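*Asks:* Next comes the sequence, and after it the predicted model I'd like to discuss.
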Amino acid sequence: MFTLTSMLTRTARLHAARPAIIDAENSLNWTQFVNRISRAASVLQSKGVHRGDRYGVIALNSLQYTELICAGYWMGAVPVPINHRFAPPEIAYVLDDAACSLVIVDGTNCELFGEAALKRWADNVLPISATGSETLQASYEALVDGASPSEPQDAMPDDEALLLYTGGTTGRAKGVPLSHLNITANAMQLGFELGPRNDDVYLHVAPMFHSADLLATPYFISGAAHVYLPKFSPAAVLETIQACGITVILMTPTMLVMTMQAADFANYDLSSLKQIIYGSSPISVERIKEMLARFPSVDAIQAYGLTETSPILTMLSMNDHQQALDANDDLLLKSVGRSLPGVDIKIVSAEGNELGNGEAGEIVVRGPNVAKAYLNRPDATAEAFKSGWFHTGDIGRLDTGGYLFLLDRKKDMIITGGEMVFSSEVEAVLHQNPKVHECAVIGVPDDTYGEALLGAVVPSPGETLCKEELIAHCRGKIGGYKIPRRYVFLDELPKSAIDKVLKTELRRVYGGKS
């Protein structure tokens, strides 16, 4: 069946002795890895997690992170990966909204539960660590070693498998329940494009709380090996590719640019690398060409999708990249590619009418990988999920060849370094400062992060402000990556006849401001 449970048992059966995890301390074959998953499921059960329950996971990339996510699939519980960069009130909101019965935290994040917003969760924490306290690590390993292997629980394709949180139009995170069918269907769709093999070695360097980590699923199905980097750095990426024979890597454009700009880039043997998958934030044609020049023997693939689509909808394939280079076709490189098999895409007007090729409108999609609703958000569900189609909120157009071009993003969403930020959430925090009369937050081009946040602020009458004061005001209220580091101070914001802030005008005037 199309379930993650059957995927794990199948991979262990067909690729038993092949490497599953390559790690300095815990290299495992597939038999050993799935045995650990079954024991981790027993640990969760001993901590009061039962079939159908949800549990949070706040940790850096690691073997333990993966096995505890997979343990949920194994036992029929639902893992809830949480962005460790969230501020404590944001984490508390997710834990409450998801009704988590337990939260798993690694050693680098345990101190969060001393914060006032999270203290009430302190008695429901299971601490682990691959990168923090050795004591915590030993304690968790003792639990796994002492647990008996558990039998996999039969799941149905429509059962909830994973709950991911994405930003909402009000700025507050929305829970997106993904079923076993959603995730495995997208893995099969991706398999047509990516061609995963059991001798691949996949490097997890992008944060695993992102839906983008689900791109690794077809490589799990194929019996490939996996390597985990807790944190990104160009040096760590280059060293790991060389040391572990990495064949596939998923990176945000920010990571890609920083890696290519490493001073000692040419000193590394990167000959094992076969695929670079990139996406999640803006990237210029010039940067794509630089990547193709720096990695001449590597297949480049751009992916576009959303949390609600498990996650990928379209891909600009390796052949598309080569075709664009051969024909000197910069326009093709600006596309996010064509839909995956089984994904239907159309462009609609504000009235919901389907538009023709070349016409700009909202991107709406359907397919077996598309979620059905948001958690606890009937109004948002009714707005986004209509008559079997998911309304992405993204604006785009299709050409005659079926290539999709993104023209704008969801309601002023900003993507900085691969992280999604909603301007309304940041504006709400800025407005809490009594010295701020009005404000608007926009994304401006940034060579390193794709986009940076810029705050346009009108001070209250008689007040003066500086950027340092506003940065300090935001700190602790929202995640650090959401805090604008650039500001302009204005007498008034540009507005329409109905008093709506014209962010398009702000982008036009300040889009090049550094």
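*Replies:* Now that the structure is in, tell me what you want to look at.
*Asks:* since we're on the nearest residue to residue 234 once chain neighbours are set aside, how many residues are nearby?
*Replies:* Closest residue to residue 234 apart from its sequence neighbours, by CB to CB, 6 or more residues apart in numbering: residue 262 at 4.1 Å. In short, each C-beta sits where N, CA and C put it, glycine included. By the measure other CB atoms under 10 Å, the count of residues near residue 262 is 15.
*Asks:* which ones are touching residue 262?
*Replies:* 234-235, 238 (CB atoms under 8 Å, 6 or more residues apart in numbering).
*Asks:* what about it, is that helix, strand or coil?
*Replies:* Three-state call for residue 262 (DSSP: H, G, I helix; E, B strand; the rest coil): coil.
*Asks:* Tell me the confidence at it?
*Replies:* Residue 262 is assigned a predicted lDDT (pLDDT) of 96.
*Asks:* Please apply the same query to residue 409.
*Replies:* Listed pLDDT for residue 409 reads 63.
*Asks:* likewise residue 501?
*Replies:* We note a pLDDT of 80 for residue 501 in this prediction.
*Asks:* Return the set of buried residues in stretch 232-241.
*Replies:* Judged by neighbour count (16 or more other CB atoms under 10 Å), stretch 232-241 contains these buried residues: 232, 234, 237-238, 240-241.
*Asks:* Give me the number of neighbouring residues for residue 293.
*Replies:* Close neighbours of residue 293, defined as other CB under 10 Å, add up to 10.
*Asks:* Residue 70 reaches residue 37, doesn't it?
*Replies:* Yes - counting by CB atoms under 8 Å, residue 70 does reach residue 37; the two are 4.6 Å apart.
*Asks:* got any residues that touch both of those two?
*Replies:* By CB under 8 Å, 6+ apart, the residues touching both residue 70 and residue 37 are residue 8.
*Asks:* for the stretch 251-400 of the chain, what spans make up the strands?
*Replies:* Secondary structure of the stretch 251-400 of the chain (DSSP state E, counting those that start in this stretch): strands located at 275-279, 299-305, 312-316, 338-339, 344-348, 361-366, 385-386, 389-398.
*Asks:* what about residue 119, how many neighbours?
*Replies:* Neighbours of residue 119 (other CB under 10 Å): 12.
*Asks:* hmm, I was thinking of residue 479
*Replies:* Neighbours of residue 479 under the rule other CB under 10 Å: 18.
*Asks:* ok, it - contacts?
*Replies:* By CB under 8 Å, 6+ apart, the contact list for residue 479 reads 83, 85-87, 90, 419.
*Asks:* Recalculate using a threshold of 7 Å.
*Replies:* 83, 85-87, 90 (CB atoms under 7 Å, 6 or more residues apart in numbering).
*Asks:* Once you drop chain neighbours, what's closest to it?
*Replies:* Residue 479's closest residue in space is residue 85 (CB to CB, 6+ apart), at 4.4 Å.
*Asks:* Regarding that neighbour, what is its secondary structure?
*Replies:* Classified using three-state DSSP, residue 85 is coil.
*Asks:* which residues does it contact?
*Replies:* Per CB under 7 Å, 6+ apart, neighbours of residue 85: 479-481.
*Asks:* Throw these into a markdown table and include distance to residue 149, secondary structure and pLDDT, thanks.
*Replies:* Formatted as a markdown table, those follow (distance: CB to CB, whole Å; DSSP: H, G, I helix; E, B strand; the rest coil; pLDDT from 0 to 100):
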| residue | distance to residue 149 | secondary structure | pLDDT |
| --- | --- | --- | --- |
| 479 | 38 | coil | 94 |
| 480 | 41 | helix | 94 |
| 481 | 40 | helix | 95 |
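*Asks:* Any chance of CSV for the residues you listed, columns distance to residue 403?
*Replies:* What follows is those, written out as CSV (distance: CB to CB, whole Å):
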residue, distance to residue 403
479, 34
480, 36
481, 31
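*Asks:* For the residue nearest to residue 479, what are phi and psi?
*Replies:* Main-chain torsions, residue 85, degrees, to the nearest 10: phi -90, psi 0.
*Asks:* Could you do residue 372 as well?
*Replies:* Residue torsions, per degrees, to the nearest 10, at residue 372 are phi -100, psi -20.
*Asks:* Distance of the spatially closest residue to residue 245 that is not a sequence neighbour relative to residue 311?
*Replies:* Leaving aside its chain neighbours, residue 245 sits nearest to residue 272 (4.2 Å; criterion: CB to CB, 6+ apart). Distance check for residue 272 against residue 311: by CB to CB, to the nearest Å, it reads 26 Å.
*Asks:* With residue 501 instead?
*Replies:* Residue 501 sits 31 Å away from residue 311, going by CB to CB.
*Asks:* So between these two, which is more surrounded?
*Replies:* More neighbours surround residue 311 than the other of residue 501 and residue 311, with 27 against 19 (other CB under 10 Å).
*Asks:* which residues does the more buried one contact?
*Replies:* Taking CB under 7 Å, 6+ apart, we find residue 311 in contact with 211-212, 214, 305.
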